[in-house]
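*Asks:* Structure for this input, please:
(one chain, ligands or ions: 2)
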Amino acid sequence: MDDARTVIEAKPMADFVETPYVRDITYRALTYIEAGFPVHFRGASGTGKTTLAMHVASKIGRPIVMLHGDSEYKTSDLVGGEYGFHSRKVVDRFQSRVLKVEEDVAKRWVDNRLTVACKYGFTLIYDEFTRSRPEANNVLLSVLQEKVLDVANAPAGEESYLKVHPLFTALFTSNPEEYAGVHKAADALRDRMVTIDLDYFDYETEVAITVAKSKLSERDAAEIVDIVRALRESGRCEFAPTIRACIMIARALQVQRSKGTPIPNFFMTICQDVLTSETSRLGARTNQDEVRQIVKKLVERTRIYHDELRGVSNAKHGAESLQKNLTLIRQQVNGR
Ligand SMILES: Nc1ncnc2c1ncn2[C@@H]1O[C@H](COP(=O)(O)OP(=O)(O)OP(=O)(O)O)[C@@H](O)[C@H]1O
Ligand SMILES: [Mg+2]
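*Replies:* Ligands and ions are numbered 1, 2, ... in the order given. From the prediction side, this is the model:
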């Protein structure tokens, strides 16, 4: 197979969190797949679509081929085409004074990822498929319905229709249509897949993912998740903060703690940095100020914030008493 590099081995993902919420969606997706339907995870950014698609694909157990939607894609980017040249040169020196050169240049056909998946019965994950123009995706209609791939510009001597391998499966993800750069999914294509709409994770899953990705304690992770969820539910953000904000704050806190020197207001600063930038576009000053105020109030309620203040003052106190002790020792040594 030419395209071995694009195939991913199906294996369990590191740090993957399985809560009842995740298990329920996985079970539904696998049931639809077993019934013969492709599955489409649709939801806002950070609702876990790509991760779930990878997880479901790893449960299917076949090698995985991944495609990322792109508005520049043409059908040939999915199916394959003639790329580059394969050239052969014959130099004939039949007579020492006559040089005869014959050059033969042929285009070389390269299977693209969709063809590879259909041919070998792999699992195709087409991530953010609505970022590709609907015309480019039309080739999927017959793949999903009639189980044939139309290789319209197949090289001479090869079948222009490929029978899709019975173990071929497809998983799709997409963001809502109002997102920048997202095209409306063709109705005919959407009609051929089961769409599962994903909302933000439930509380338990959000805490579990934050713990898994940062190695903070569950108690600390829960406080971070509380802040992010309260801000999300306030309805004051241009973009609702996602699980990614929880992971960023938790990891930054973990790194800072590992250095052992408390910094005044560090937790407040990272929450402000992550949450005010994630929830608004550049330049939306008024909105940022409002979000900043909400975050400040939420952080001031946390135990992490108060522990940090105490830690800083203890450290300062500790440093001062160490200084005093050193002075006393020096005085004794000098006999004063
Ligand atoms: N079950 C899970 N276990 C561990 N981590 C998870 C799980 N689900 C999601 N995550 C983490 O949450 C974050 C967001 O997930 P993901 O990238 O899948 O979201 P998405 O919906 O595809 O977002 P986007 O639309 O922006 O691509 C990632 O950092 C991912 O690793
Ligand atoms: Mg994604």
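
*Asks:* what residues are up against the spatially most central residue of the chain?
*Replies:* The centroid of the chain falls nearest to Thr50 when counting by CA atoms, centre = their mean (5.4 Å). Thr50 sits next to 125, 127, 173 when contact means CB atoms under 8 Å, 6 or more residues apart in numbering. For every residue, glycine as well, the C-beta is placed using N, CA and C.

*Asks:* mind redoing it with 10 Å?
*Replies:* 41, 66, 68, 125, 127-128, 171, 173 (CB atoms under 10 Å, 6 or more residues apart in numbering).

*Asks:* ditto for Ser71
*Replies:* Counting by CB under 10 Å, 6+ apart, Ser71 touches 130-133, 136, 181-183.

*Asks:* returning to that earlier point: and the residue nearest to the centre of the chain, what's its pLDDT?
*Replies:* If you check Thr50, the pLDDT there is 96.

*Asks:* Tell me the secondary structure at it.
*Replies:* What DSSP: H, G, I helix; E, B strand; the rest coil gives for Thr50 is helix.

*Asks:* how about the strands in the stretch 151-300 of the chain?
*Replies:* Under the criterion DSSP state E, counting those that start in this stretch, the stretch 151-300 of the chain contains strands at 161-163, 169-174, 194-198.

*Asks:* Of the ones you listed, which stretch is the most buried?
*Replies:* Of the strands of the stretch 151-300 of the chain, the one with the most neighbours on average (mean count of other CB atoms under 10 Å) is strand 169-174, at a mean of 26.

*Asks:* how big is the angle separating that one from strand 194-198?
*Replies:* Strand 169-174 runs at 40 degrees relative to strand 194-198, counting by axes from the mean of the first three to the mean of the last three CA atoms, to 10 degrees.

*Asks:* quick one: strand 169-174 to chain centroid distance?
*Replies:* Its chain's C-alpha centre and that of strand 169-174 lie 14 Å apart, by CA atoms, centre = their mean, to the nearest Å.

*Asks:* strands paired with it, and their directions?
*Replies:* strand 39-43 (parallel), strand 123-127 (parallel) (DSSP bridges).

*Asks:* follow-up on the earlier one: what about the contacts of Thr50, which one has the most neighbours?
*Replies:* Leu171 (28 neighbours; other CB atoms under 10 Å).

*Asks:* mind listing what that residue touches?
*Replies:* So Leu171 contacts 29, 33, 38-41, 49-50, 52-57, 60, 64, 66, 123-127, 129, 193 (CB under 10 Å, 6+ apart).

*Asks:* and if we set it to 6 Å?
*Replies:* Taking CB atoms under 6 Å, 6 or more residues apart in numbering, we find Leu171 in contact with 39, 53, 57, 125.

*Asks:* Those, buried ones only, as a ChimeraX selection?
*Replies:* To isolate the buried members of the contacts of Leu171 in ChimeraX, using 16 or more other CB atoms under 10 Å:
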select :39,53,57,125
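
*Asks:* Could you dump the contacts of Leu171 into CSV with distance to ligand 1 and pLDDT added?
*Replies:* As requested, the contacts of Leu171 are arranged in CSV below (distance: CB to the nearest ligand atom, whole Å; pLDDT from 0 to 100):
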residue, distance to ligand 1, pLDDT
Val39, 14, 98
Ala53, 8, 97
Ala57, 13, 96
Ile125, 11, 95
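
*Asks:* could I get the contacts of Leu171 as JSON lines with distance to Ile209?
*Replies:* Formatted as JSON lines, the contacts of Leu171 follow (distance: CB to CB, whole Å):
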{"residue": "Val39", "distance to Ile209": "21"}
{"residue": "Ala53", "distance to Ile209": "16"}
{"residue": "Ala57", "distance to Ile209": "19"}
{"residue": "Ile125", "distance to Ile209": "20"}
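
*Asks:* Which single one of the contacts of Leu171 is nearest to Gln256?
*Replies:* Checking the contacts of Leu171 against Gln256 with CB to CB, the nearest one is Ala53 at 33.4 Å.

*Asks:* surely the closest one meets Thr123?
*Replies:* No: look at Ala53 against Thr123 with CB atoms under 6 Å: they stay out of range, at 9.2 Å.

*Asks:* Report how many residues lie close to Arg244.
*Replies:* By other CB under 10 Å, the residues close to Arg244 number 15.

*Asks:* shouldn't it be in contact with Gly46?
*Replies:* Yes: if you go by CB under 6 Å, Arg244 and Gly46 touch, sitting 5.2 Å apart.

*Asks:* Val65 looks like it's in a strand, true?
*Replies:* Yes: judged by three-state DSSP, Val65 forms part of a strand.

*Asks:* does the closest residue to it other than its chain neighbours count as helix, strand or coil?
*Replies:* Spatial nearest neighbour of Val65, excluding adjacent residues (CB to CB, 6 or more residues apart in numbering): Ala117 at 4.4 Å. Assigned by three-state DSSP, the conformation of Ala117 is helix.

*Asks:* For Ala117, the count of nearby residues, please.
*Replies:* 33.

*Asks:* Correct me if wrong: it contacts Met66.
*Replies:* No: look at Ala117 against Met66 with CB under 6 Å: they stay out of range, at 9.6 Å.
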